[in-house]
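>>> fold the following for me, if possible:
(2 chains)
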Amino acid sequence: MSVALQPAPALDVARVRRDFPILARTVRGKPLVFLDSAASAQKPRAVIEAMVRCMETAYANVHRGAYHLSEVATESYEAARAAAARFLNAADPREIVFTRNSTEAINLVAHSWGRGVMRPGQAVLVSEMEHHANLVPWQMLRDDGRGIELRVCRVTDEGELDLEDLAAKLADGKVGLVAVTHMSNVLGTVTPAERIVALAHAHGAKVLLDGSQAAVHRRVDVRAIGCDFYCFTGHKLYGPTGIGVLWARLEHLERMPPFLGGGDMIAGVTLERSEWAPPPAKFEAGTPPIIEAVGLHAALDYVAAIGLPAIEAHERALVDHAMRRLSGVEGLTLLGRARDRGGVFSFVLDNAHPHDLSTLLDRAGIAVRAGRHCAEPLHARFGLEGGTCRASFGLYTTREEIDLLADALVRAREFFA
Amino acid sequence: MFDDLRDLYQEVILDHGRRPRNFRRLEDADRAARGDNPLCGDRLELWLKLAPDGRIADAAFLGRGCAISMASASLLTETVKGKTPEQAKALGEKVRTLAMTGACPECDGALAEDMERLAPLSGVHEFPSRVKCATLAWHTLKAALEGSKEATSE
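Numbers count the residues shown, from 1 in each chain, chains lettered A, B, ... in the order given. Below is the predicted model:
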């Protein structure tokens, strides 16, 4: 973890909340307490307005027309790519591929790198705490008859990546790619990205980090981390749905065959064959998510204006507060106790099933997610096949909302007593 | 804080959810099926023993799930005993209507008494995401009676 040399300018949460129109509404007569940002975050006015402005004043298809509107739209779309590159501190905007979401970004790598670059006898190494998005594509690759093995790194009882197990599973040098989360969507655990990369690279393996959660909560510098692939999704980062980002080193993108075929990804086409455009166009077949890219750009600008250091500090205070308050709720068990964690808490109450509990909390205006959060193997690992409830924070989350949650949990336990 | 949820979580539901009846395996069952709500993780296995005349002589289940799905399965095992397969399936159809609409206009007649007993399940109709909790056991019953092994209420 990096240590800030100067205290970050504090985040004014009351002011931030005014930027999010939806936070003014009530649910079942109560003020909305939205604690499901890990599933999808709410949108600030800046994002909403940027998308509307694009459609009202500057919209046409990109990379096609030699007319003013198309040129303006192309500029906006490419400016979003440059913004995403800056956000990750990528060396070159050409290393940014727009996808629909993180799921598509990982599928792209599984398809193009896994089927096009990896060799029979090599293995992919994931962990027990992956979201299904970073597990299922690799199972499909394994089952594709190409002789690719799938290995799974264990998670400790504290909910951390078992680095000894990681090293042991890398030892024979057969792992071609380590694909792990940068922050668990269930445990909140932030994984030690630099150490994972050092271990993997020492054994000849490339590294993909699923940053769907981490990119929302931490400053991500792909060059400092040293990974090979990184992905995140717009809608969890206060941007729109329908747009995600895959970052990959340019040398990798150049080696990889295309994922989807179609318009915009070609250099030339005859009836017999086609030649691919250079990256990133090679991986962006068809009309891309133009309006969504504009929205994502606005979201990245919005986050940058508040400042990742301020967001991190705000969240650290929320995490400490939540730890204190939730630990005080009788009968409540928190899943995972990682030293380095973000604002995601999964828990079970001893006398209430997660679905009954979320129905009760909803009555109090509190939105939490119940279930297995697209991480069934992790729930099985902790013997919680019936699922958990999950409260997750955004930059608009307040201490008072955590207090409301803790109080409601105490009342819920009484209700089911 | 949660007083208005007493319609959904009536005492009958809480009681059967906490202490489900007939919560055991039927070793000599004639019919069995597994029910699954893959999205929420609810899962149950239902066994039926048939009498020589074809009526349901015994019903039992094992599984895991929320108070509503456990209570619904528990109530099912109590109400289908003594029913013919056709009557049991008809009851299941009515429970589905009850769970989805909160009412059952054609519930008088032969099954009126049973439906009265199952009425506490009607509370879910105001909670669209919870209807499947109440219906899972009844989908499983239908699957068991029709000879399929798996049921889902997704």
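>>> residue in chain B nearest to chain A?
residue B:66 (3.9 Å; CB to the nearest CB). Just so you know, the C-beta spots here come from the backbone N, C-alpha and C atoms, and that holds for glycine as well.
>>> from residue A:299, how far out is that residue?
According to CB to CB, to the nearest Å, residue B:66 and residue A:299 sit 36 Å apart.
>>> report the helix or strand with the lowest average pLDDT across chain B.
Least confident helix or strand of chain B, by mean pLDDT, DSSP states H and E, is strand B:150-152 with a mean of 75.
>>> what strands line up against that strand, and which way round?
Applying DSSP bridges, strand B:150-152 is found paired with strand B:31-37 (parallel).
>>> about what we covered before: the residue of chain B closest to chain A reaches residue A:353, doesn't it?
Yes - applying CB atoms under 8 Å as the test, residue B:66 and residue A:353 come out as touching, 3.9 Å apart.
>>> quickly list what residue A:392 is bridged to.
Applying DSSP bridges, one finds that residue A:392 bridges with residue A:36, residue A:344.
>>> so it is in contact with residue A:34, correct?
No - if you go by CB under 8 Å, residue A:392 and residue A:34 don't touch, sitting 9.5 Å apart.
>>> neighbour count for the two, which is higher?
More crowded of residue A:392 and residue A:34, by other CB atoms under 10 Å in any protein chain shown: residue A:392, with 27 against 23.
>>> tell me the contacts of that one?
Counting by CB atoms under 8 Å, 6 or more residues apart in numbering or on different chains, residue A:392 touches A:35-39, A:343-345, A:369.
>>> ok, so of the residues you listed, who is nearest chain B?
Nearest to chain B, judged by CB to the nearest CB, of the contacts of residue A:392 is residue A:369 at 10.9 Å.
>>> related to what we said a few turns ago, in ChimeraX, select just the buried ones from the contacts of residue A:392.
Selection command for ChimeraX covering only the buried members of the contacts of residue A:392, criterion 16 or more other CB atoms under 10 Å in any protein chain shown:
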select /A:35,36,37,38,39,343,344,345,369
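>>> could you dump the contacts of residue A:392 into JSON lines with distance to residue A:215 added?
Output for these, formatted as JSON lines (distance: CB to CB, whole Å):
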{"residue": "A:35", "distance to residue A:215": "19"}
{"residue": "A:36", "distance to residue A:215": "18"}
{"residue": "A:37", "distance to residue A:215": "13"}
{"residue": "A:38", "distance to residue A:215": "12"}
{"residue": "A:39", "distance to residue A:215": "15"}
{"residue": "A:343", "distance to residue A:215": "13"}
{"residue": "A:344", "distance to residue A:215": "14"}
{"residue": "A:345", "distance to residue A:215": "19"}
{"residue": "A:369", "distance to residue A:215": "19"}
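>>> could the contacts of residue A:392 go into CSV alongside pLDDT?
Compiled in CSV, the contacts of residue A:392 are given as follows (pLDDT from 0 to 100):
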residue, pLDDT
A:35, 98
A:36, 98
A:37, 98
A:38, 97
A:39, 97
A:343, 95
A:344, 97
A:345, 97
A:369, 95
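>>> so how far is the helix ranked longest in chain B from its chain's centroid?
Scanning chain B for the helix with the most residues, using DSSP state H, yields helix B:85-101. Offset of helix B:85-101 from its chain centre (CA atoms, centre = their mean, to the nearest Å): 9 Å.
>>> ditto for stretch A:287-294
Centroid separation between stretch A:287-294 and its chain, computed with CA atoms, centre = their mean, is 19 Å.
>>> can you get me a residue count around residue B:126?
Residue B:126 has 11 neighbours, counted by other CB under 10 Å.
>>> doesn't residue B:102 make contact with it?
Yes - Residue B:126 sits in contact with residue B:102 when judged by CB under 8 Å, with a separation of 7.0 Å.
>>> all set now, cheers.
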